[in-house]
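Asker: this one's structure only:
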Ligand code: C2O
Ligand code: CU
């Protein structure tokens, strides 16, 4: 067959889409299909959806107070958007299809440009049909660096994910919208990995000090984590620095979408076991990230680290005087729903199930015309979430960070995603200082897609 010029020009290739945008000098982020070896080498490779052809997508690192600019190029066959999770962002750049922008159709692009007010560990992921798109690989780390970084020997991002793969074919198990998973705990993988590797490892020297940025990008899995051969301190949660580093003693809990920044000293001797373990389903602890200890870096470790420099606007004032809004978490398997609003109509459980809705927030499944509440800019808000379901939920607020308010009025650390266990009541409080339409939803992505998503308005 004679190769014609035309054969190079057909189809929707990432390369052809890139040319016009490159001409404008904009850095790109291309959502595209690609093959990646997720399973061990003796298994087939997996067709994934990725940013720039890697799982996870490229780790974006920018200085605090700079501006992030990326043109999302959609080289896939489905519409998509990007949400910049945890960034106190300009609402128009929040990436929520149907609320803050239209989804970007195949072959089209969208220019994201926004300021980065806060240093810390954030991430980006698809926010159009996210229960499928994120499970297929559309996520990456977004690191905003402090002007004066902490005194560590190395800074490592550990993006923790799980994948549900058929070992025979290497394909993702095609049950992204499985009603069974959505009405229970969500899609849980059969392979857990870090940075796209099931056998992720690092090497370090004894007494080296590392900053480990843990990100849970799994659809639904809550990770219980332990340190081995390391002495560690938690220095930030969901990007935001803690006032004081906290020594890690027991198990760290990392719910979907949450981040923990650790500073760890490698205490294990050369050749001894070191790394991070996770609690596997069968009650055993398995290696998540192994650290090979090579030699000694210093004669002794350095003692507790200093706190990270605070971000701007971390205070929430007037909490006790603020009114409390109730948002019970409802529904799911073994509980069901009665008289729940969906698309403006009251429905019973059977009807909701037929429509793929299993959950509700305060009597409503999914987004309504009206927001859950309208707050005036600068107002202090309190939302009380009582978990009336049989399952834990990782509740995430877009656009603003919140603190958990304990019953005695004490405020927890500033964060953007909180795990609410069954029968637990968690009250969050935040300063509504970012105008726009912001989602409040469960980050178990199958739950979010089947009722556990609402929105608030800051006017
Ligand atoms: Cu991480 Cu609504 O998102
Ligand atoms: Cu949930």
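Answerer: Received the coordinates, thanks. Since we're looking at a predicted model, the values are computed, not measured. Ligands and ions are numbered 1, 2, ... in the order given.
Asker: going forward, measure contacts between C-alpha atoms and count neighbours the same way
Answerer: Will do.
Asker: which bits of this structure sit near ligand 2?
Answerer: Listed as neighbours of ligand 2 in the chain under the rule CA under 5 Å from the ion: 393, 442, 444, 447.
Asker: among those, which one lies nearest to ligand 2?
Answerer: residue 393 (3.7 Å; CA to the ion).
Asker: what sits against the closest one?
Answerer: For residue 393, the contact set (CA atoms under 8 Å, 6 or more residues apart in numbering) comprises 419-421, 442-444.
Asker: redo that, cut-off 10 Å
Answerer: By CA atoms under 10 Å, 6 or more residues apart in numbering, the residues touching residue 393 are 185, 220, 222, 255-256, 329, 387, 417-422, 441-444, 447-448, 452.
Asker: gap between it and residue 213?
Answerer: For residue 393, the distance to residue 213 equals 22 Å [CA to CA, to the nearest Å].
Asker: what is the neighbour count of the residue lying closest to residue 392 once chain neighbours are set aside?
Answerer: Leaving aside its chain neighbours, residue 392 sits nearest to residue 421 (4.4 Å; criterion: CA to CA, 6 or more residues apart in numbering). The tally of other residues near residue 421 (other CA atoms under 10 Å) stands at 17.
Asker: list the contacts for residue 421?
Answerer: Neighbour list for residue 421: 386-394 [criterion: CA under 10 Å, 6+ apart].
Asker: show residues contacting the one helix or strand residue 48 maps to.
Answerer: Residue 48 belongs to strand 46-51 when assigned by DSSP states H and E. Outside strand 46-51, the residues that touch it by CA under 10 Å, 6+ apart are 28-39, 54-58, 72-76, 125-126, 132-140, 165-167, 169-172.
Asker: so residue 268 sits against residue 203, correct?
Answerer: No: with contact defined as CA atoms under 10 Å, residue 268 and residue 203 do not form a contacting pair (11.9 Å).
Asker: who has more neighbours, the two?
Answerer: Shown here are residue 268 and residue 203; by other CA under 10 Å, residue 268 has more neighbours (22 against 13).
Asker: phi, psi of that one?
Answerer: Backbone torsions of residue 268, given as degrees, to the nearest 10, read phi -60, psi 150.
Asker: next: residue 182.
Answerer: Taking degrees, to the nearest 10 as the convention, residue 182 sits at phi -70, psi -30.
Asker: and for it, the neighbour number?
Answerer: Residue 182 has 27 neighbouring residues, counting by other CA under 10 Å.
Asker: tell me which residues touch it, please.
Answerer: Contacts of residue 182 (CA under 10 Å, 6+ apart): 131, 176, 220, 332-333, 356-359, 444-451.
Asker: let's see it at 8 Å
Answerer: Going by CA under 8 Å, 6+ apart, residue 182 touches 358, 446-447, 450.
Asker: then residue 234?
Answerer: Residue 234 is in contact with 242, 245-248, 260-263, counting by CA under 8 Å, 6+ apart.
Asker: ok so, going back, in helices, which of the contacts of strand 46-51 appear?
Answerer: Members of the contacts of strand 46-51 lying in helices (criterion: DSSP state H): 132-133.
Asker: state the distance from residue 317 to residue 378.
Answerer: 10 Å.
Asker: joint contacts of these two?
Answerer: Common neighbours of residue 317 and residue 378 (CA under 8 Å, 6+ apart) are residue 431.
Asker: reformat the contacts of residue 234 as TSV; add secondary structure.
Answerer: Listed next are those as TSV, based on DSSP: H, G, I helix; E, B strand; the rest coil:
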residue	secondary structure
242	strand
245	strand
246	strand
247	strand
248	coil
260	strand
261	strand
262	strand
263	strand
